[in-house]
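1. Can you look at this prediction? I've put the sequence above it.
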Amino acid sequence: MRILGIIPARYASTRFPAKALVDIGGKSMIQRVYEQASKATQLDQVIVATDDERILYHVREFGGQAVMTSQDHQSGTDRCFEALSQTEGTYDYVINIQGDEPFISPEPIDHLASVLNGETELATLVKVIDNDEILFNVNVPKAVLNKRNEVMYFSRQTIPYLRNAQSQEEFLKSHVFYKHIGIYAYRTDVLAEITKLPVSALEKAEALEQLRWLENGYAIKAVVTSDDSHGVDTPDDLDRVTRKFLP
């Protein structure tokens with residue numbers, strides 16, 4: 001399988017404008033993401049898909065590969081498809097790597113790639129939830145899996161609801177809950193198809209793009225990882241991850 005890693009990187013951000021170019025210990029955020037993703041052994045190529053020339057030129061200055069994409073894309077998935085169409089060569093799969101995780105480990109990328117066998121349509125990562133704060137946080141999407149480790153549903157709410165649980169503490173003792181880690185793999189023909197789908201009712205209800213795919217009958221393989229996500233959405237997030245990962 002030939003796999004293309006794409007890092008969508010927008011310049012505008014409501015909570016943290018120009019965060020792709022912010023300095024983190026002498027390197028920009030996008031450079032750190034690019035270098036970490038490039039360590040994944042299962043990726044044949046890594047490119048940045050951006051909507052701003054400042055990011056484009058910066059990536060090329062540090063030796064990375066980047067392409068310009070439209071400013072009108074509503075999601076990283078749409079940006080990935082345009083970037084794929086501009087990339088030379090033939091690929092079986094695309095892995096969408098979040099552009100705001102400067103300390104992402106290459107291991108979960110390779111772990112996700114391990115299930116891309118030609119039959120898998122879509123795949124993503126999940127992690128077992130081990131604390132109440134995450135379990136009941138509506139800003140953290142959760143996933144319910146079937147016996148084949150395919151996602152049955154995503155929700156911001158705590159799912160499944162445990163009818164007989166007597167307290168919140170009892171939830172974690174009674175069931176295995178999964179947090180969704182927002183890194184996606186798409187078979188390239190499926191990527192072309194899902195970018196043409198209209199916004200679905202479930203997607204509108206939960207504000208979760210991946211529900212559009214489920215609602216239209218696509219199968220999403222879930223890969224359970226022990227690695228967590230450390231995304232940077234705000235300057236406070238940047239302070240937090242910098243203290244955690246840099247000496």
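-> Here it is on my side, so go on.
2. pLDDT on the helix or strand where residue 78 lies, on average?
-> Secondary structure assignment for residue 78, by DSSP states H and E: helix 76-86. Average pLDDT, helix 76-86: 96.
3. Show me where this protein has its strands.
-> Remark: strands assigned in the chain by DSSP state E are 3-9, 23-24, 27-28, 45-50, 66-68, 93-96, 122-128, 142-145, 151-155, 178-187, 220-224.
4. Output those strands in JSON lines, with distance to residue 114, mean pLDDT and mean neighbour count appended to each entry.
-> Just so you know, the C-beta spots here come from the backbone N, C-alpha and C atoms, and that holds for glycine as well. Listed next are these as JSON lines, based on distance: least, CB to CB, whole Å; pLDDT from 0 to 100; neighbours: other CB atoms under 10 Å:
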{"stretch": "strand 3-9", "distance to residue 114": "11", "mean pLDDT": "97", "mean neighbour count": "27"}
{"stretch": "strand 23-24", "distance to residue 114": "29", "mean pLDDT": "94", "mean neighbour count": "14"}
{"stretch": "strand 27-28", "distance to residue 114": "29", "mean pLDDT": "96", "mean neighbour count": "18"}
{"stretch": "strand 45-50", "distance to residue 114": "18", "mean pLDDT": "98", "mean neighbour count": "24"}
{"stretch": "strand 66-68", "distance to residue 114": "27", "mean pLDDT": "97", "mean neighbour count": "18"}
{"stretch": "strand 93-96", "distance to residue 114": "12", "mean pLDDT": "98", "mean neighbour count": "25"}
{"stretch": "strand 122-128", "distance to residue 114": "9", "mean pLDDT": "98", "mean neighbour count": "21"}
{"stretch": "strand 142-145", "distance to residue 114": "17", "mean pLDDT": "98", "mean neighbour count": "19"}
{"stretch": "strand 151-155", "distance to residue 114": "17", "mean pLDDT": "98", "mean neighbour count": "19"}
{"stretch": "strand 178-187", "distance to residue 114": "10", "mean pLDDT": "97", "mean neighbour count": "22"}
{"stretch": "strand 220-224", "distance to residue 114": "7", "mean pLDDT": "98", "mean neighbour count": "20"}
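5. now those in TSV, with distance to residue 107?
-> Formatted as TSV, the strands of the chain follow (distance: least, CB to CB, whole Å):
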stretch	distance to residue 107
strand 3-9	14
strand 23-24	21
strand 27-28	20
strand 45-50	15
strand 66-68	24
strand 93-96	13
strand 122-128	11
strand 142-145	20
strand 151-155	21
strand 178-187	12
strand 220-224	11
